[in-house]
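Visitor: based on what follows, work out the 3D shape:
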Amino acid sequence: MDARDIILRPVVTEKSMNLMDDKKYTFDVLVSATKTQVRNAVEEIFDVKVKNVNIMNVRGKEKRVGRYTGKTARRRKAIVTLTEDSNDIKIFNCLLYTSDAADDMQCIDLRRPPMI
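Guide: Model prediction:
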């Protein structure tokens, strides 16, 4: 399994942004991913050293539209702690594909490269 299949997207919330000061980064990961797979994927994609990985399962919530009920999809969040001597992950520090200024910044693209 490819590392980009395991890390789905970064979680951008107020709480996750506050955790970045402690070198903790939050990602949505594949539901079947283990801590070891998440550790290896983050180290491969972002070229950092991982100290610890905490994983939590988020249940789907019941949602209603009129008289119809359904559930949102369940997901799995991983909080990745980096070592003290490791570099920061720059994915949260730049604008992705929104302006010409983003071209000058060094950003990491989580999307797959285009198929030719």
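
Visitor: partners of the one helix or strand T81 maps to, with directions?
Guide: Applying DSSP states H and E as the criterion places T81 in strand 75-82. With DSSP bridges as the test, strand 75-82 is paired with strand 24-29 (antiparallel), strand 50-58 (antiparallel).

Visitor: hmm, who's touching that strand?
Guide: Outside strand 75-82, the residues within contact range by CB atoms under 8 Å, 6 or more residues apart in numbering are 11, 19, 22-31, 33, 35, 38-39, 42, 48-58, 88-89. In short, each C-beta sits where N, CA and C put it, glycine included.

Visitor: make a PyMOL selection of the buried ones in the residues you listed.
Guide: Under the burial definition 16 or more other CB atoms under 10 Å, those of the contacts of strand 75-82 that qualify are selected in PyMOL by:
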select buried, resi 11+19+23+24+25+26+27+29+30+33+38+39+42+48+50+53+89
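
Visitor: now stretch 9-21: mean pLDDT?
Guide: Over the span of stretch 9-21, the pLDDT mean works out to 91.

Visitor: whoops, stretch 70-79 was the one
Guide: For stretch 70-79, mean pLDDT is 96.

Visitor: list the buried ones in that stretch?
Guide: For stretch 70-79, by 16+ other CB under 10 Å, it's R75, R76, A78, I79.

Visitor: helices of this protein, start to end?
Guide: 3-6, 14-19, 35-46, 101-104 (DSSP state H).

Visitor: could you name the helices and strands sitting against the first one?
Guide: Helix 3-6 is packed against helix 35-46, with contacts defined by 3 or more CB pairs under 8 Å, 6 or more residues apart in numbering; DSSP states H and E.

Visitor: what packs against the helix it packs on?
Guide: If you count contacts as 3+ CB pairs under 8 Å, 6+ apart, helix 35-46 packs onto helix 3-6, strand 7-10, strand 24-29, strand 50-58, strand 75-82.

Visitor: ok, and what's touching that helix?
Guide: 1, 3-4, 6-7, 25, 27, 29-30, 33, 48-50, 53, 55, 78, 80, 89, 91, 108, 110.

Visitor: any regions of the protein where pLDDT drops low?
Guide: Scanning the chain for pLDDT under 70 picks out 92-116.
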